[in-house]
Every structure is written in C-alpha cells, then in structure tokens.
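Novice: no sequence for this one, just the structure:
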C-alpha cells in the first residue's frame, strides 16, 4: 500500500540507533538535518510550538537563496540549542512521522545532534553540572545545606556574583530544596492495611518512583499523591533505591549516562513489578522516559518493555480505576473554575486528557486546559 499524503496510517516512533557510528557522523548528520529542515521549511505547522522553528525559519528567510541550502550548516546548532525535546511537534503537529515516506522525527533528530555535540566535547560545564541532578540535588537537600541554598538563591547580590561563575542568569528561577527529602518522610507501605483490588489493567498496588524533584524539591506533591491513592483503596510504597530517570542527560545528549541510569533503575522497578506493584511517578518527564525514550533506545531489552507496560501517569491510573468502578467519587465540594497547564511530557504519552477527565468528575467544576509549554 502506498504511503498517502498527510500520513493517514498510524504514526510510529522508530528505535534510536544511538550506538551506531553513523549516528555520530557529522557529515551524515548535517545531510539529514538539511533534509528535515527543508521539509519543515515547506510546512511550518510547528512555528508556534517553541523557538527551534522560528530560529530555523528566520535562518532560511534571511539566507541568500531563501531556501535551506542557503543556510550555513554551522548555524544548524542554533536550531538544536532551542529544542528541549518536549516532543509536541512529533506527537501533535507533524504529518510526516513514519510510516510516511519522508520519515521525519524532529525531536529524535535534535537528540542525535545533541548527542553528536556532546560526544565531540562541545557542551558547556554549566550544562553538565545542572543536568547532574542526582548528586547535586542530594547534596543540596541535606539538612543545613538546603536552608543555606534556599536563602542564597533569594539574595540578588549573590545571584549576580554567581552568574559569571556558574553561568546561570541572576534572575532565573531556581528550585527550592527540602531539608527532609521524601524518603525520610514516608516509611514502609502507606496504607498497609488496605487490601489491593486489581482491575483488568491495574494491580491495585502502586510503587512510586519519587524522582529527583519529588525526592528533593517538592516531596509534598508525592505525599499528596500517596494520600489520593490511599483514599481510593490503593496501598503505596516509595521506591528508595531508584536514581534519576536520565531525562536531563537525554536533553544534554549524554546517552551513555542515560544508559547507566536505566541499568541502575531497572532492577528496582522489576523487583516491584515482581511483587505485584504498578509503577507511577508524579513528574511527567520521568514517566515518559520509561514509557517511550528508554524503550526506543533499547528496543531489544525485554526488561525495559516490562517496565514500560507497568508505568502509569497518576491520572491515567485513577481513570483506569474509575472505569473499573474502583474510584471513590464521593467528592465533598465543587472546585469551581479550574485552569491547569497540561505538561508537554504528559500530552505526548498519548493517554488522552486524563487530568481533565478526572477533574470533570467533580460536580460544580469547570475545567480549562492550557496547552502551552511552561
């Protein structure tokens, strides 16, 4: 069957061949960048999504030929730098994803360019530092250090002095650090007396992957999630030995560190699955890593596929429980008008608007979704 314009066949994301020599070949990469940029230039559907596309189109429109062949390949990096791998272009806009014959996967092409740049030693020290969330966040969330770090971040003079040293803008928002991380707040199994009730898709028991942000920055969010799950009859345990998911290193192009994070985390996840637990994380990016990016980086890894099938977005999980008649919908009060920002990495999981659907179950609640990147 011929591939038709508009990609009427179901789109697919193909495995990332990141361990081949060709993946890092500069000439081959530039040829593919030129090919895809030319397709994007002729389409321009994604111009409103992020700065990568306006940057590309400005380069084209300001070139001598008004085409991609007039753009200096050295300037391709300007486009790559503006991509943060939100995945929205591929999942919500692009009509040329495989199996279309043009086989455009813009985010994974940007990932390839970032990986080539990292392997060539062209990434900045600042970026290598701030993507090392595991050791950096662990150090900054220790008692005493957390309070000092939070206080220092609020002093304009200190921020200004640190700007030329670290490379972070003095007015850039910084995360706050909790002096008492999640692993010290939640002990054992929360809701230990609850009897797990499985459904067709869920086991009724959840192992929560805390993530760097949930462990060190905003443990209250995970505590609230645990309370919601317990309220709905789901016992919960927090996985204590898991490391960073690797998303920051993915965005840097440091794919070997992503692989190391996967190797460190899979035994913890698999042990929980073997004990009858579903997996969940409150941070959409971390869920996406194990639902999409890790399986595409390791397509032949059966363990990675097992983890993929067991991982859930919180509201995806709650709506599955609702469909099975296992959700407590005895809501006591309306929420009125609610606006919520739909995280990019939740949208691209292809699970539908589950947060919207859940909030809409509450009588007297009007939900408005803001589908713009944060």
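Specialist: Looks like it arrived, so ask away. The shown structure was predicted, so the numbers you read here are calculated from the model rather than taken from an experiment. Numbering: from 1, shown residues only.

Novice: pLDDT below threshold where in the stretch 151-300 of the chain?
Specialist: Applying pLDDT under 70 to the stretch 151-300 of the chain flags no residue at all.

Novice: quick one: the strands in it, in order.
Specialist: Secondary structure of the stretch 151-300 of the chain (DSSP state E, counting those that start in this stretch): strands located at 189-190, 206-209, 236-239, 278-280.

Novice: in the second one, what's buried?
Specialist: Pointing back at strand 206-209 there. 206, 207, 208, 209 (16 or more other Cβ atoms under 10 Å). Every C-beta, even on glycine, is put in place using the N, C-alpha and C of the backbone.

Novice: could you redo those as CSV and give each row distance to residue 155?
Specialist: As requested, these are arranged in CSV below (distance: Cβ to Cβ, whole Å):
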residue, distance to residue 155
206, 40
207, 40
208, 35
209, 34
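
Novice: a markdown table please, covering the strands of the stretch 151-300 of the chain and showing distance to residue 52.
Specialist: Shown next, in a markdown table, are the strands of the stretch 151-300 of the chain (distance: least, Cβ to Cβ, whole Å):
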| stretch | distance to residue 52 |
| --- | --- |
| strand 189-190 | 41 |
| strand 206-209 | 29 |
| strand 236-239 | 34 |
| strand 278-280 | 31 |
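
Novice: wait, which of those is closest to residue 367?
Specialist: strand 278-280 (22.0 Å; Cβ to Cβ).

Novice: so what touches that closest one?
Specialist: Strand 278-280 is contacted by residues 202-203, 205-209, 225, 269, 272-273, 287, 290, 307, 310-314, 317 when judged by Cβ atoms under 8 Å, 6 or more residues apart in numbering.

Novice: who does that strand pair up with?
Specialist: Paired strands of strand 278-280, with direction, are strand 206-209 (parallel), strand 311-312 (parallel) (DSSP bridges).

Novice: who wins for proximity to residue 101 among those strands?
Specialist: In terms of Cβ to Cβ, the element of the strands paired with strand 278-280 nearest to residue 101 is strand 311-312, at 32.2 Å.

Novice: which of the buried residues of strand 206-209 lies closest to residue 62?
Specialist: Nearest to residue 62, judged by Cβ to Cβ, of those is residue 209 at 45.3 Å.
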